[in-house]
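J.: whatever this is, show me its structure:
(2 chains)
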Number of protein chains: 2
Amino acid sequence: MSDYNSDIAIARAAKKKPIKEIAARLGMAEEDIVPYGHDKAKVSAPFLKSLESRPDGKLILVTAVNPTPAGEGKTTTTVGLGDGLNRIGKNALICIREASLGPCFGVKGGAAGGGYAQVVPMEEMNLHFTGDFHAITTAHNLLSAMVDNHIYWGNELQIDSRRVVWRRVLDMNDRALRQITASLGGVANGFPRETGFDITVASEVMAILCLSTDLKDLEQRLGDIIVAYRRDKTPITARDLKADGAMAVLLKDAIQPNLVQTLENNPAFVHGGPFANIAHGCNSVVATRAALKLADYVVTEAGFGADLGAEKFFDIKCRKAGLKPAAAVVVATVRAMKMNGGVSKADLSAENVEAVKAGCANLGRHVENVKGFGVPVVVAINHFSADTDAEIQAVKDYVATLGTEAIVCRHWAEGSAGITSLAEKVVELADGGTADFKPIYPDEMGLFEKIETVVKKIYRGSEVTADQSVRDQLSAWEEAGYGNLPVCMAKTQYSFSTDPTKRGAPTDFSVHVREVRLSAGAGFVVAICGQIMTMPGLPSQPAAESIYLNDNGEIEGLF
Amino acid sequence: MSDYNSDIAIARAAKKKPIKEIAARLGMAEEDIVPYGHDKAKVSAPFLKSLESRPDGKLILVTAVNPTPAGEGKTTTTVGLGDGLNRIGKNALICIREASLGPCFGVKGGAAGGGYAQVVPMEEMNLHFTGDFHAITTAHNLLSAMVDNHIYWGNELQIDSRRVVWRRVLDMNDRALRQITASLGGVANGFPRETGFDITVASEVMAILCLSTDLKDLEQRLGDIIVAYRRDKTPITARDLKADGAMAVLLKDAIQPNLVQTLENNPAFVHGGPFANIAHGCNSVVATRAALKLADYVVTEAGFGADLGAEKFFDIKCRKAGLKPAAAVVVATVRAMKMNGGVSKADLSAENVEAVKAGCANLGRHVENVKGFGVPVVVAINHFSADTDAEIQAVKDYVATLGTEAIVCRHWAEGSAGITSLAEKVVELADGGTADFKPIYPDEMGLFEKIETVVKKIYRGSEVTADQSVRDQLSAWEEAGYGNLPVCMAKTQYSFSTDPTKRGAPTDFSVHVREVRLSAGAGFVVAICGQIMTMPGLPSQPAAESIYLNDNGEIEGLF
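T.: Sure thing, here's the model as predicted:
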């Protein structure tokens, strides 16, 4: 999976079909898509609207154990499963997230899947793609400019310039912009104040775009964004600044799902990419809903492991969009089980069945958790060539004790041919009608209690701690009418706990909520448990230094 | 011309043809273009390359008198002339600049032309269009991030952080970002220093994209950008930071010309949009060159009046790209002549033949200047309904005394039918073979002398003043090998002089060069004569406040 040279070589050798042919398979005429080149397209708004009365297909979530530096291959499995379902004769569509451009210039870019389970065109998807992130950056920064402009021209709304919470964004790893003093240079440039930039994927506008059901809902949510507070702590919204309409105009194309294809020429929607810590980490509701109208099976994924990704997928995205997942796949690797069992990265290549067995506790808890949402589960063992039969058998045996099946998948090496067993099992689960999805907590539960519910039921921590100021803030939001929102947990993805070194299935730990933030437009309350970086920096040898166009005009060094 | 409601209504009523049909007229197959929707496309790189051996068509420059608040309609005339040439049976292509997105949220967006001489799709061209400006923003800011990142990780190149000249850019009117202190917040965020943001059109990357002949030349020029100096004042370039390759990758699509159409379904390239003060203010060399291969007549424009726009078009763009203009049109309006003759904006609607006559001195000097470059000239009187016959006759009579013809054009009201006389005259001039283009100064002239040449020969000023530090800087650049570059004058567009209130044809003024800047990648030395704003602000009632999507999904308030 880590052999990105292979990934790019395979992707370049792909026999892509014109995107209008891919669209035609989904019943879209040429005028139903908005092409971006010959291999990318957006689905047109009128066509999306025409789908409304159709029945929904079945929604399959691909999630994973806690990620390790080895990589579990969640996107690869999502793409592979989509191809596998198509291979066994099903009409299946894939829904994954867009990549952020900025980080590709820090470390090498992330492929969309890997090996023979990829989505193409890979380079474009890691660069400007169809411009969605640029549109989000622009809409976000228009609002930022309008905040300072309002203060500059007399501050009629009485914004407390110390309490402006709306920062600016760039899709760039630029640590120098994390904290700045703006409006320097005298009268003509405004009132100096401290602020800063986040990376675009951390923008609330990104989360809003991904949770909106249509343009009207988008505009409503944009208007709800809280940009600042007055001295009396009453909030000022984007609507108060009359920025919501113009922001929606800037996002009118970005909200339309992007259609691309897999290496096997099956359709995939790649749309939206919110952070998986301070936001919910899933592709857009618009894309998922459209896919459900267009296909019998829709395979999607959620960020990080199931403790963060699946929980938010269920409790935020599915709850708010009225989605009912029919089945879930938990991706595990033998390597990840070993690392969760205490093996260091350097020792991963040696067989170690005992470590695999020990690490399975991590997998087991995720499987149990997903079942707790009322969704039937199958485990996908994403095969690596170094895996031994005994190690694989250990995972299978363990999963069997949970009343669940674990299926070895070789889609990375073999494409859809290597994942038909998983596809068959997923169809069996999804068609079996056993799913009875429900979120883990009800809307009307108190905000702090919601946090406690996630910590205790999902992470299996013993308690939640927080300063009184945090508790007071939550109470204040409840009084202000935000108590019905779900919570969005921001913690390390490497452990059920807030300590990234505690792999496996830790117990008896407490979770400290350091800070809470209200994303009133997106519609959730973020609980920050640990240090969360919202503007990455570049490394000492940025990937950008070795990225260039070769004599054939191909991009070198991006992967 | 100022009735933008009409413009948008006319544009919306346009019967656009699919862009592939427009491309087909130019001999492009479907695979030769890269579609962006059904009404915009980029010309593919392989197709551009295939054109190299073709003969060139004739290049026509549309320039103007000094602009007045009334608006002279230079773009409208450029579009109208293109349509007019097609109407009289010629194969003509239009080349104009792209619009900047940010300012559209300040005051109402600029249409691409006006009345019945417009390029469409108007909304998209004023918003994200094909993403070129976003790509430029990203490439620029990647370099910015790499500068601070280099300092952060040990500063091997010994950048003097007080002498970083490379700022950041956004395509947004945001005065709060004009001057900032970055890298605040402690060790992890770098070394605090003062910097700021310009608007994207002011980026040297924009100028470079527009002056590059191809991707290789682009990468070379990007590498030449000077980002900072050491304590010993030796320069550090983008190449030293190894940023040039990655920047070129980010710009690989942006450098391809954008094809759209006029209201009359004639082809137009809309590509690039550098500032007309600190840069050269013309559309891209790539687009102009491609157009010359694809059409017998190419109509293009340059920013502001002929003193700035045409001079830079000739002395920078044509000189560097080896272009040989065959004819030029100087656009004048009766209103502009009146204002140049001393009439205030409020009194423009009353007939005033004497003022028209007095104002013609401005037109006359521009006509003489353009002829001085060896390019034959015709004057286009862009007709307004309030113009009287006597006023028009006054302009015609005056122009006749220059040995030149002035032709009334009614393309705004009538489309191509209103501009056939001008089209016929332009063909006569261009085909007459009288053009003998040469820049106004040779490459080998000293930098200060080049500035003096422009001031004395074009502006007709009596002298150039500058502090010794400015003269020393120019000498230092000459010694460093930059002496062969052309100069790019940055002064007010409202007067030949540096005093915007001196309309008409002022004499006996001196021009003070306040500051000089080296755009080593773009390949010119900027001479700043007066205050130049490189980051606009929003007004007290930004247009953004009244921009929204109506129930039909159409944009309201943008125009």
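J.: in chain A, what spans have low per-residue confidence?
T.: Scanning chain A for pLDDT under 70 picks out A:1-5, A:70.
J.: what residues does the stretch 151-300 of chain A have near chain B?
T.: A:152-154, A:168, A:170-185, A:188-190, A:194, A:196, A:215, A:219, A:241-246, A:248-250, A:252-253 (CB under 8 Å from any CB of the partner chain). No exception for glycine: its C-beta is placed from N, CA and C like everyone else's.
J.: among those, name the ones in strands.
T.: Counting by DSSP state E, the part of these found in strands is A:Arg168, A:Leu170, A:Ile180, A:Thr181, A:Ala182, A:Glu194.
J.: bridged to the fifth one, which residues?
T.: The bridge-partner assignment for A:Ala182, based on DSSP bridges, gives A:Arg193.
J.: show me the residues around it that make contact.
T.: Contacts for A:Ala182 were tallied using CB atoms under 8 Å, 6 or more residues apart in numbering or on different chains; they are A:Asp148, A:Gly190, A:Pro192, A:Arg193, A:Glu194, A:Thr195, B:Ala176, B:Leu177, B:Ile180.
J.: show me which of those residues are buried.
T.: By neighbour count, with 16 or more other CB atoms under 10 Å in any protein chain shown, the contacts of A:Ala182 hold A:Asp148, A:Gly190, A:Pro192, A:Arg193, A:Thr195, B:Ala176, B:Leu177, B:Ile180 as buried.
J.: show me what contacts A:Phe492?
T.: For the record, residue A:492 is Thr, not Phe. Per CB under 8 Å, 6+ apart, neighbours of A:Thr492: A:Thr498, A:Asp499, A:Pro500, A:Gly530.
J.: A:Gly110 belongs to a strand, doesn't it?
T.: No: counting by DSSP: H, G, I helix; E, B strand; the rest coil, A:Gly110 is located in no strand; its state is coil.
J.: and the gap between it and A:Leu142?
T.: 29 Å (CB to CB, to the nearest Å).
J.: who has more neighbours, those two?
T.: A:Leu142 (28 against 19; other CB atoms under 10 Å in any protein chain shown).
J.: so that one, which of the three states?
T.: Classification of A:Leu142 using three-state DSSP returns helix.
J.: what about the residue of the stretch 151-300 of chain A found nearest chain B, how many neighbours?
T.: Nearest residue of the stretch 151-300 of chain A to chain B, counting by CB to the nearest CB: A:Gly245, 2.9 Å away. A:Gly245 has 23 neighbours, counted by other CB under 10 Å.
J.: double-check it against B:Asn550; I have them as touching.
T.: No: in this structure A:Gly245 lies outside contact range of B:Asn550 using CB atoms under 8 Å: 9.9 Å.
J.: ok so, going back, looking at the contacts of A:Thr492, which is nearest chain B?
T.: Using CB to the nearest CB, the contacts of A:Thr492 come closest to chain B at A:Gly530, 15.6 Å.
J.: how close does the closest residue to that closest one other than its chain neighbours get to A:Thr63?
T.: Nearest residue to A:Gly530, sequence neighbours excluded (CB to CB, 6 or more residues apart in numbering or on different chains): A:Thr498, at 5.0 Å. To A:Thr63, A:Thr498 is 20 Å away according to CB to CB.
J.: against A:Asn382, how distant is A:Leu59?
T.: Counting by CB to CB, the gap from A:Leu59 to A:Asn382 is 21 Å.
J.: with neighbour numbers in mind, choose between these two.
T.: Legend: neighbour count by other CB under 10 Å for A:Leu59 and A:Asn382, higher for A:Asn382 (29 against 26).
J.: for that one, give the beta-bridge partners.
T.: Beta-bridge partners for A:Asn382, by DSSP bridges, are A:Cys409.
J.: surely A:Ile22 is in contact with A:Asn265?
T.: Yes: using CB under 8 Å, A:Ile22 is in contact with A:Asn265, at 6.7 Å.
J.: now A:Arg25: how far from chain B?
T.: 19 Å (CB to the nearest CB, to the nearest Å).
J.: please name the nearest non-neighbouring residue to that residue.
T.: A:Pro267 (6.5 Å).
J.: what about the one you found, neighbour count?
T.: 24.
J.: residues in contact with it?
T.: The contact partners of A:Pro267, by CB under 8 Å, 6+ apart, come to A:Ile22, A:Ala23, A:Arg25, A:Leu26, A:Leu93, A:Ile94, A:Leu259, A:Val260, A:Gln261, A:Ala295.
J.: closest one to B:Ile458 out of these, please.
T.: A:Val260 (52.2 Å; CB to CB).
J.: give me the sheet partners of the host helix or strand of the closest one and which way each runs.
T.: Element membership of A:Val260 [criterion: DSSP states H and E] is strand A:258-262. With DSSP bridges as the test, strand A:258-262 is paired with strand A:41-43 (antiparallel), strand A:117-120 (antiparallel), strand A:267-270 (antiparallel).
J.: check these for me and report the most buried one.
T.: Of all those, strand A:117-120 carries the top mean neighbour count, a mean of 28, counting by mean count of other CB atoms under 10 Å in any protein chain shown.
J.: what sits up against it?
T.: Outside strand A:117-120, the residues that reach it (CB under 8 Å, 6+ apart) are A:7, A:10-11, A:14, A:16, A:39, A:76-77, A:79-80, A:83, A:94, A:96, A:111-113, A:125, A:260-263, A:268, A:270, A:411-412, A:415-416, A:419.
J.: off-centre distance for it?
T.: 17 Å (CA atoms, centre = their mean, to the nearest Å).
J.: likewise for stretch A:202-212?
T.: 11 Å.
J.: kindly export it (C-alpha atoms) in CSV.
T.: In CSV, the C-alpha atoms belonging to stretch A:202-212 read as follows (Å, rounded to 0.1, in the frame of the first residue of the first chain):
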residue,chain,number,x,y,z
ALA,A,202,-10.9,22.9,8.6
SER,A,203,-13.3,25.7,7.4
GLU,A,204,-16.8,25.5,8.8
VAL,A,205,-17.8,26.3,5.2
MET,A,206,-16.4,22.9,4.2
ALA,A,207,-18.4,21.1,6.9
ILE,A,208,-21.5,23.1,5.8
LEU,A,209,-21.1,22.2,2.2
CYS,A,210,-20.8,18.6,3.1
LEU,A,211,-23.9,18.5,5.4
SER,A,212,-26.2,20.7,3.3
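J.: and the residue of the stretch 301-450 of chain A nearest chain B?
T.: A:Ala321 (21.5 Å).
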